[in-house]
Structures are given as structure tokens and as C-alpha cells.
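> next one to model:
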Amino acid sequence: MNDETFLNERIDVIATFGTGLNPCRPLKFRRSNGREVTITEIGLRHPSTQGKRELHIFDVTDGQADYRIELDTHQLTWHLTREGDHYAD
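A predicted model of the protein is given here:
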């Protein structure tokens, strides 16, 4: 993400949960303004600890822009924390 905006936006996410190396796979999310984003690719996924909270952080794209979304496993909520222009120079 070259030209990115830092956010803390609560989002609704549709995800699949299964087994294997990547048991959680977000498929799409809806922003607070109602805009839906369909995820076409997941770049990196990694866990992070903030105090007693464990987060699962996903860098994803819809082919137009890059996003960072986070799953808070303590509160079971999703947040959009970054948005970047996919084609920024």
C-alpha cells in the first residue's frame, strides 16, 4: 500500500471458516456507508496481540484498492484499519 489512509471503521464481513493452514477466509465486507467490497485476493494474514486482545490481520484487495481488515477475537468484531490506492506510484 503506497498511498494509504488509516481508518478505524467497523465493518460487516462475510467469511468462511474451515480447516487447514488458513481456517478463516474473508470473502467480502460492507462499509459503514453501505458500499460492499468483494475480496479477490488475500495477501498476508498474521496474528497480533494488543494487550489481552488477539487480532487476526488480513491484507486484502478487490483489484481496485488494497485494504487491511482486522478480526478482534475477543469482541468478535471486524474493523477496516487501512485503505490504499492499488495503483499508486
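> okay, now the sheet partners of the strand of greatest length in the chain, with direction.
Secondary structure of the chain per DSSP state E: the longest strand is strand 4-17. Paired with strand 4-17 in the same sheet, following DSSP bridges, are strand 24-30 (antiparallel), strand 77-85 (antiparallel).
> got the contact list for it?
Here strand 4-17 makes contact (C-beta atoms under 8 Å, 6 or more residues apart in numbering) with 23-32, 66, 69, 71, 77-85. Just so you know, the C-beta spots here come from the backbone N, C-alpha and C atoms, and that holds for glycine as well.
> give me the beta-bridge partners of Trp78?
Residues in beta-bridge contact with Trp78 (DSSP bridges): Ile11, Leu71.
> what of Asp85?
Ala65.
> and the pLDDT at it?
Note on Asp85: pLDDT of 81.
> repeat for Thr19
Confidence for Thr19, expressed as pLDDT, is 88.
> that one: what secondary structure?
For Thr19, the assignment made with DSSP: H, G, I helix; E, B strand; the rest coil gives coil.
> measure the residue nearest in space to the middle of the chain to Leu21 for me?
Centroid-nearest residue in the chain, with C-alpha atoms, centre = their mean: Ile69, separated by 2.0 Å. Noted for Ile69: a distance of 19 Å to Leu21, by C-beta to C-beta, to the nearest Å.
> cool, Arg68 as well?
20 Å.
> which one's more surrounded, the two?
Counting neighbours by other C-beta atoms under 10 Å for Arg68 and for Leu21 shows that Arg68 has the greater number, 20 against 5.
> what's the nearest residue to the more buried one if we skip its chain neighbours?
Of all residues not flanking Arg68 in the chain, Arg82 sits nearest, at 3.9 Å (C-beta to C-beta, 6 or more residues apart in numbering).
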